[in-house]
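Colleague: Mind folding the following:
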Amino acid sequence: MKPKKHLSAEQNLLRFMFLQFTTMAAPMGEFATWLLTGTAAILGAILVNVEAVSKVLSLFNLRYGLIFLVISMVFGAIARQLGIALNASLQLDEHINNALNSAEGESIINSIIEPIIIKSEFPSPFLPPFRWIIKRSQERGGQDPLAGEKWWIKLLCIQAYMFWTQGLTGAIGLIMLGAGITA
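Modeller: Below you'll find the model as predicted:
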């Protein structure tokens with residue numbers, strides 16, 4: 001990570017720390033994928049053998065165990081998608097920064113006469129709600145040069161909540177199935 005020229009030393013240090021925290025998104029996403037795979041395998045095995053399984057499990061535990069496993073998969077899919085989005089956003093930011101810090105990029109930036117046109121035109125091709133999100137990001141970025149990095153940390157926290165909920169609901173589902181064994 002190269003320091004940004006327009007940030008102070010303190011802001012560059014904060015940016016560096018924020019970016020280091022976001023590296024946790026990839027391992028959480030990978031683990032969420034493995035949990036999804038395991039949960040899908042368990043669900044598949046139960047559903048293929050539902051007649052045999054229903055003979056050894058109480059109907060209540062079977063029903064709610066399956067419901068919790070499905071809920072676990074939903075939270076896992078969200079956690080995985082957030083990880084993908086966060087990693088793609090970080091790669092895009094690095095690519096843009098490298099391009100803008102090149103000789104050609106600096107030449108383009110120095111030749112901009114009316115930055116307000118770029119601010120109003122950039123969000124225009126995006127459909128709602130993305131247009132609104134981009135406009136809001138521009139406003140926040142004008143007030144706080146680390147707004148983007150702080151947004152990534154918020155996404156990382158949401159991913160962690162989804163990941164933890166995935167594990168918790170999956171565990172509850174398995175406990176329900178295990179506790180419902182009658183034979």
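Colleague: what about residue 10, neighbour count?
Modeller: Using other Cβ atoms under 10 Å, residue 10 is surrounded by 8 other residues. C-beta: built from backbone N, CA, C; applies to glycine.
Colleague: Spatially central, which residue of the protein would that be?
Modeller: residue 82 (1.6 Å; Cα atoms, centre = their mean).
Colleague: Can you name the helix or strand that it falls in?
Modeller: helix 59-100 (DSSP states H and E).
Colleague: Can you give the distance of the worst-scoring helix or strand of the chain on mean pLDDT from its chain's centre?
Modeller: Ranked by mean pLDDT, DSSP states H and E, the helix or strand of the chain with the weakest confidence is helix 115-121, at a mean of 79. Between the centre of helix 115-121 and the centre of its chain there are 29 Å (Cα atoms, centre = their mean, to the nearest Å).
Colleague: And for stretch 15-29?
Modeller: Centroid separation for stretch 15-29 versus its chain: 11 Å, with Cα atoms, centre = their mean.
Colleague: any weak-confidence spans in this protein?
Modeller: Across the chain, the ranges flagged by pLDDT under 70 are 1, 113, 183.
Colleague: Start from the N-terminal end of it and give the helices.
Modeller: For the chain, the helices defined by DSSP state H occupy 9-22, 25-48, 50-56, 59-100, 103-111, 115-121, 130-143, 147-179.
Colleague: for the second one, packing partners?
Modeller: Spelled out, it's helix 25-48. Packed against helix 25-48 by the contact rule (3 or more Cβ pairs under 8 Å, 6 or more residues apart in numbering; DSSP states H and E) you find helix 59-100, helix 147-179.
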